[in-house]
Every structure is written in C-alpha cells, then in structure tokens.
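Q: sequence first, predicted model second:
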Amino acid sequence: MSLYNIFDIAGSALSANSVMLNTTASNMANAQSVSSSSGETYRAKHPVFQTLYQNRLGLSSQTPGVQVAGIVDSNAEPLKRHSPDHPMADAEGYIYTANINIVEEMADMIAASRSYQTNLQVATTAKQLLQRTLTLGQ
C-alpha cells in the first residue's frame, strides 16, 4: 500500500462519519415528533458500514476503506402515551412518539465526531509526510 492510499482510506472514513453525524442529527431532531398512529411515527435511522479492502494479489480494483452500505430504520416500537387533549390523538386518545434515546444519540454523535477528527488528523499527517519526503533531495 502506498502513502497515497491513506488519503483514500481517510477520505472514505470522513464520508462515512459525515453520514453518521447526519443520521444522528436527524434522529435527535425528530425525537419529540408526535403522530396519531404507530405506522406514521418517525423511526430512528442507523447507517450500516461495510469495509473495503484489496486482496493480496492486487486483483481488486476497490480502494481500501469504508463505505455506507445503507441506512436502516430502527425496529424499536414507538412510545404510546395517553393524551386525549392532544390534537394528534387517535380515536382512543393516544399519541405516538419516536422511541429515541437522546443520551445514546449524543454518545453516537460524540463518537462519530471524534472519529471524524482523528481521520482528518491522519490525512493532515500523511500530507505533511509527503511534503517532507519531496524536500529530502534538496
């Protein structure tokens, strides 16, 4: 693996972390959303990551790194609350809210943010190494 592959790897990680930050922010923004049925209630979204690698013979054209394989909805059931005075209440007086734990979402956001910062530092360090390598012959 050459030093140039580091930029591809760090770039793919930055992109994946950006998706993680965006989905976490979306979950937090919709945590207090209300609906009149469980089918209409916002479901938390979680990205699914997939690793990419080169085989030892170099036959793969993929650059090593990570990619987002997809974004899946949570299977957690919405929270059902009895609130007959709420304008969104169903015929029985229940409202449904997203089953999102804000503490878990904040922990995910902090982890994704730190991972983003780390990968940015990796790219910066690789850039500095390449610049120093180019100045060795001077």
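A: All right, it came through fine.
Q: just the pLDDT for residue 61.
A: pLDDT for residue 61: 59.
Q: where along the chain do the strands fall?
A: Assigned by DSSP state E, the strands in the chain fall at 34-35, 45-52, 65-73, 79-82, 94-97.
Q: nearest to residue 4, out of those?
A: Checking the strands of the chain against residue 4 by CB to CB gives strand 65-73 as the closest, at 12.8 Å. For every residue, glycine as well, the C-beta is placed using N, CA and C.
Q: which strands border that closest one, and is each parallel or antiparallel?
A: Strand pairing for strand 65-73, determined by DSSP bridges: strand 45-52 (antiparallel).
Q: report the buried residues of the strand it pairs with.
A: Buried residues in strand 45-52, defined by neighbour count with 16 or more other CB atoms under 10 Å: 45, 47.
Q: residue 32 touches residue 97, doesn't it?
A: Yes. Look at residue 32 against residue 97 with CB atoms under 8 Å: they come within range, at 6.8 Å.
Q: the more surrounded of these two?
A: Higher neighbour count among residue 32 and residue 97: residue 97, with 19 against 11, using other CB atoms under 10 Å.
Q: once you drop chain neighbours, what's closest to the more buried one?
A: residue 79 (4.8 Å; CB to CB, 6 or more residues apart in numbering).
Q: measure the one you found to residue 31 for me?
A: 11 Å (CB to CB, to the nearest Å).
Q: likewise residue 119?
A: Counting by CB to CB, the separation of residue 119 from residue 31 is 27 Å.
Q: re the thing from before, any shared contact partners between residue 79 and residue 31?
A: residue 98 (CB atoms under 8 Å, 6 or more residues apart in numbering).
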